[in-house]
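Novice: sequence first, then the predicted structure, then my questions.
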Amino acid sequence: MKIIKTKIEGVFLIENFNATDMRGEFVKTFHKKNFEDLNLDMDIRESYFSISHKNVIRGMHFQTPPYDHNKMVYVVKGEILDVVLDLRKNSKTYKEYITVTLSEKNKTSIYIPKGMAHGFVSLIDNTITVYNVTTEYNANSDSGIHMNSFGFQWNVDRPTISLRDNGFASFDNFEQINPF
């Protein structure tokens, strides 16, 4: 397992250990000591997954304090273009975003700290994306930013987007009440 810094402070890519033999494949997606060595909190409170068709866009999601959480995301089947936007007002990379391809082939995870909006576009039908988070879901803290309001070009002709995600406020409107 190799952990790599990104241009956004606190966001890390994780090249997961994997082994292949005549039986198939084995992938280790989490090793607590590696996270502890970097002072990364990953005390998992909930774990869930989504199955997405090609061109589905999910995001840009986050939970507000006090239920904000650290998140680790990876793909067990298919491929996504993952997007992380820094919402932390005091961060050097405030308003900046990164993208990374996560897939069953590259076996890479992304660690996303509190204060980030997260989303992705599914690049392949039936992509299975796993999310591990450090707080339990709280409906009153569940929030998001409209996916087309922070400068990222999704490059999807006809995306499938939920009514909820399509109804999120723009980043400019969110900035006025930003709790991070």
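Specialist: Thanks, I have the structure now. Quick caveat, the model's predicted, so the values are computed rather than measured.

Novice: all helices for the chain, in order.
Specialist: 32-37, 163-166, 171-175 (DSSP state H).

Novice: hey, which of the ones you listed is tucked in deepest?
Specialist: Across the helices of the chain, the average number of neighbours (mean count of other CB atoms under 10 Å) peaks for helix 171-175, which reaches a mean of 16. C-beta: built from backbone N, CA, C; applies to glycine.

Novice: need the contact partners of that one.
Specialist: 85, 87, 95, 145-146, 149-150 (CB atoms under 8 Å, 6 or more residues apart in numbering).

Novice: Val11 against Ser109, yeah?
Specialist: No - with contact defined as CB atoms under 8 Å, Val11 does not reach Ser109; the gap is 11.4 Å.

Novice: neighbour count winner among the two?
Specialist: Neighbour comparison, Val11 and Ser109: the larger count goes to Ser109, with 25 against 21 (by other CB atoms under 10 Å).

Novice: and that one, what are its bridge partners?
Specialist: Beta-bridge partners recorded for Ser109 (DSSP bridges): Ile14, Tyr74.

Novice: got a pLDDT number for the nearest residue to Gly59 once chain neighbours are set aside?
Specialist: Closest residue in space to Gly59, ignoring its immediate chain neighbours: Gly119 at 1.5 Å, by CB to CB, 6 or more residues apart in numbering. You'll see Gly119 listed with a pLDDT of 98.

Novice: how close does Gly119 get to Ser52?
Specialist: Gly119 is 11 Å from Ser52, where distance means CB to CB, to the nearest Å.

Novice: between those two, which contacts overlap?
Specialist: With CB under 8 Å, 6+ apart as the test, Gly119 and Ser52 both reach Arg58.

Novice: so Phe49 makes contact with Asn126?
Specialist: No - in terms of CB under 8 Å, Phe49 does not count as a neighbour of Asn126; the distance is 11.8 Å.

Novice: higher neighbour count, these two?
Specialist: Remark: of Phe49 and Asn126, Phe49 carries more neighbours, 14 against 11, as counted by other CB under 10 Å.

Novice: who does that one bridge with?
Specialist: Under the criterion used (DSSP bridges), Phe49 bridges to Val130.

Novice: re the thing from before, which of the contacts of helix 171-175 count as buried?
Specialist: By neighbour count, with 16 or more other CB atoms under 10 Å, these hold 85, 87, 145-146, 149-150 as buried.

Novice: tell me which of those is nearest to Glu136?
Specialist: Relative to Glu136, the closest of the buried ones among the contacts of helix 171-175 is Leu87; by CB to CB it sits at 20.5 Å.
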